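*Asks:* Output the structure for:
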Amino acid sequence: MGFGRRLLGKDGKPPGEVNVDALSAALDDVPAGFALFDSEDRLVLCNPAFREVFEAADDPIPDGAKYAAIFRGAAVKGRVDGIRRDEESWLDGRIKAHNAGPNRFTMTLRNGRVFEIDERRLPNNSTAMTLLDITDYERREAASSTNEQKARAMLDSVFDGVLTIGADGVIDSVNARTAEIFGRPIEMIIGNTTSLLVPDVTLSDFLASEALGSIREFRGRKADGESLNLEIAVSELPDNWSLQDRRRESRKTFVATIRDVTEQRALARQLQQAQRMDAIGTLAGGIAHDFNNILSIIMGYGGLIQQDLPPGSEARENADMFVQAARRARELVEQILTFSRHSDEQTKVPFDPKPVVKEVLKLIRSTVPATIEIAQEITAHEGRVIGDVSQLHQIIMNLCTNAVHAMGSGPGRLSVSLTEKPLGGADASAWGVNKGDYWHLNVADTGDGIPAEVLDHVFEPFFTTKERGQGTGLGLAVVHGIVTDHGGVVRVESRPGEGAQFHVLLPLASPDKVVDAPAVPAAAPTGNGQILLVDDEELIVRMGQKMLSRLGYIVVGATDAEEALETFRASPESFDLLMTDQTMPGLTGDALIRAVRRIRPALPVVLCTGYSQVMDAEKAKEMGIDAFVMKPLEGDQVGQIVSQVLDARRS
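*Replies:* This next block holds a predicted model:
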């Protein structure tokens, strides 16, 4: 088909002759489609590549065909993909775009080929159209897009945060995990510098020669201000790596992997704290064992001295003070064991807390600066607490000491109140306790207050705001442990500049459990029989012999468990009771008891210990041991225990 047609102007007259043959010959060899429409949108000329797209074999495009007719034919005859049953709408949109002026669009044929069509207006209002086959390009782009989507899905599924960074420190892309770690939307991260996520650290810090490619730990920050522990590794990407933002292709690009290790670091700190507590417990246990042995000797011989002195004499009073001081030392060891969580469950008794509070306030008055006023409010309520008197003493002392320290040299006011506090369902839930009646101990000061960032840590072991050498950080941790052990709760309220208040709730004892214990233990009864006394401390053995001999018993002492066993084997029926220490070199107390019981199963036995990790009252009961007692013991206690065990076996 020829191209013998002149290019007409708006008036229908030829603006000039065109060498059609030369032009058509040149266009025939062009792989891109080309068509020329006059000002009336009539086809002037086109090349084979254009006809291949729009022309059907049985319906060639005639010379002078209108623009709309050509596109209608392609649409109606199904050559254009994606417009089935919507041909008129597509054609209407195409005509409007054409009439609006120059435009570029893509058109996909049913055979899968994709063309980019460009329309340009010429000065004489004619239209030049080019068709570029971009099928291969589109396929590559589709494949690239698919690969990119797969890569994106893969990156979004990994546990670590991944982001790419330009040489200027600006973040180009991030995965979903990065947004999750920092609590920020992805679009709020991209375009910002790394300092948004890791304050006070620049890209150069990441790219230091010793840091590039290695894992280093930095402090990050979430959107809400929460601090993060982050492990970050930064590497440089290859030069041929490209980003979606192709403007950055010529620049260096770095990839950073970020792992949030905040929880792991917290767990590590907890583990270290637990290990420190365990170490303290082990140390406390060792100290308790040796110290209780020493106290046994002091209290035992002190008791013997008391027995030898007439009541009311000055010497007897001195001996009484001597033994009383030893008892307080025993209470101190019990507190150490309670804190270290290695003590056996102590027998708690009902007691009135009011005298304890008054005693502590009287004691600290002499140590508090005169510029600090002490105010107290103690209710007349007669309710009691089931617990340990010495531990309540320690609670009040620790809280008051902390309050005085917070006020320094004053002036200030220390307020201590002890009142009854009934708690219903809602109030009990707010306090985190069961509903019921409680003693409410309140210790308040007028110091500088506790900063908000410190409040959450005040009950942690070893946490202290005091200067080095002025505190161990154990005081409030001990308070928390004791209060919790007594079924209560402790809380703190404070604002900077307004002082601090510590609230302690301890449950009142129910009336059926309030039974007064005797203030003074009854004197030990006399008895008879032969006792085998075994302890690796010679002074304890000699003391025990004197104590029990005064009560009428015959005592055979031994400082070596193996020798004691041989003594028993020589005459097993001559002994009425075995009293042995637990922790001894060679043969331990429980092992000695088993060996003796194999010879004489019914022999009464008493097991004593200053501290043991392997033996407690429950295990002793399982072994059939008649009595398990903790050192140190006073003379009357030893006599009472021996008498009770022998009487129980003889009855």
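
*Asks:* mind checking the backbone torsions on G166?
*Replies:* The phi/psi pair for G166 (degrees, to the nearest 10) reads phi -80, psi 170.

*Asks:* State the number of residues packed around it.
*Replies:* The local packing of G166 (other Cβ atoms under 10 Å) involves 18 other residues. Backbone N, C-alpha and C define where each C-beta goes, glycine included.

*Asks:* L43 now?
*Replies:* Neighbour number of L43 under other Cβ under 10 Å is 23.

*Asks:* Helix or strand next in line after the helix or strand hosting it, which one?
*Replies:* According to DSSP states H and E, L43 maps onto strand 43-46. Downstream of strand 43-46, the next assigned helix or strand under DSSP H and E is helix 48-54.

*Asks:* what is the mean pLDDT for stretch 49-66?
*Replies:* In this model, stretch 49-66 has a mean pLDDT of 85.

*Asks:* Stretch 176-183 now?
*Replies:* On average, stretch 176-183 scores 90.

*Asks:* Which residue ranges of the stretch 301-450 of the chain form helices?
*Replies:* 314-339, 354-365, 389-407, 425-431 (DSSP state H, counting those that start in this stretch).

*Asks:* Equivalent analysis for the stretch 451-600 of the chain, please.
*Replies:* Remark: helices assigned in the stretch 451-600 of the chain by DSSP H, counting those that start in this stretch are 452-455, 475-485, 538-550, 561-570, 589-599.

*Asks:* Put the alpha carbons of the fourth one into CSV.
*Replies:* Same thing as helix 561-570. Backbone C-alpha positions of helix 561-570 (Å, rounded to 0.1, in the frame of the first residue of the first chain) are rendered in CSV as follows:
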residue,chain,number,x,y,z
ALA,A,561,32.0,-38.6,114.8
GLU,A,562,34.0,-41.7,113.8
GLU,A,563,35.3,-42.2,117.4
ALA,A,564,31.7,-41.6,118.7
LEU,A,565,30.4,-44.4,116.4
GLU,A,566,33.1,-46.8,117.7
THR,A,567,32.2,-45.8,121.3
PHE,A,568,28.6,-46.6,120.6
ARG,A,569,29.4,-49.9,118.9
ALA,A,570,31.3,-51.0,122.0
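
*Asks:* mind putting the helices of the stretch 451-600 of the chain in JSON lines, distance to M623 and mean neighbour count included?
*Replies:* Below are those laid out as JSON lines (distance: least, Cβ to Cβ, whole Å; neighbours: other Cβ atoms under 10 Å):
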{"stretch": "helix 452-455", "distance to M623": "48", "mean neighbour count": "11"}
{"stretch": "helix 475-485", "distance to M623": "27", "mean neighbour count": "20"}
{"stretch": "helix 538-550", "distance to M623": "22", "mean neighbour count": "19"}
{"stretch": "helix 561-570", "distance to M623": "16", "mean neighbour count": "16"}
{"stretch": "helix 589-599", "distance to M623": "7", "mean neighbour count": "18"}
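
*Asks:* low-confidence ranges in the stretch 1-150 of the chain?
*Replies:* 1-21, 23, 57, 84-85, 142-150 (pLDDT under 70).

*Asks:* Please apply the same query to the stretch 501-650 of the chain.
*Replies:* Ranges of the stretch 501-650 of the chain meeting pLDDT under 70: 510-523, 613.

*Asks:* now the stretch 201-350 of the chain
*Replies:* Judged by pLDDT under 70, the stretch 201-350 of the chain has its weakly predicted residues at 203, 206-213, 239-251, 270, 273-286, 332, 334-348.

*Asks:* how does it look with 50?
*Replies:* The model of the stretch 201-350 of the chain has pLDDT under 50 over residues 242-250, 341-346.

*Asks:* related to what we said a few turns ago, parallel or antiparallel, which strands does the strand holding L43 pair with?
*Replies:* strand 33-37 (antiparallel) (DSSP bridges).

*Asks:* Specify the beta-bridge partners of the closest residue in space to G487 that isn't next to it in sequence.
*Replies:* Residue nearest to G487 in three dimensions, not counting chain neighbours: P507, with 5.2 Å by Cβ to Cβ, 6 or more residues apart in numbering. Here P507 sits in beta bridges with Y438, going by DSSP bridges.

*Asks:* roughly how far apart are P507 and D388?
*Replies:* If you measure P507 against D388 using Cβ to Cβ, to the nearest Å, the figure is 14 Å.

*Asks:* re earlier: which stretch among the helices of the stretch 301-450 of the chain is buried most, on average?
*Replies:* Among the helices of the stretch 301-450 of the chain, ranked by average contacts under mean count of other Cβ atoms under 10 Å, first place goes to helix 389-407 (a mean of 21).

*Asks:* Need the three-state assignment for E141.
*Replies:* Secondary structure state of E141, per DSSP: H, G, I helix; E, B strand; the rest coil, is helix.

*Asks:* Now do the contacts for it.
*Replies:* E141 sits next to no residue when contact means Cβ atoms under 8 Å, 6 or more residues apart in numbering.

*Asks:* The same query, at a cut-off of 10 Å, please.
*Replies:* By Cβ atoms under 10 Å, 6 or more residues apart in numbering, the contact set of E141 is I134.

*Asks:* Now do the contacts for the closest residue to L506 other than its chain neighbours.
*Replies:* Leaving out its chain neighbours, the residue that sits closest to L506 by Cβ to Cβ, 6+ apart is G488, at 4.2 Å. Applying Cβ under 10 Å, 6+ apart to G488 gives the contacts 385, 387, 395, 431, 433, 438-441, 482, 504-507.

*Asks:* Let's have those residues in CSV, adding distance to Q637.
*Replies:* Output for the contacts of G488, formatted as CSV (distance: Cβ to Cβ, whole Å):
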residue, distance to Q637
V385, 25
G387, 21
I395, 27
W431, 39
V433, 36
Y438, 34
W439, 30
H440, 36
L441, 32
I482, 25
V504, 32
L505, 34
L506, 28
P507, 30
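
*Asks:* Counting neighbours, which of those comes out on top?
*Replies:* I395 leads the contacts of G488 on contacts (other Cβ under 10 Å) with 28 neighbours.
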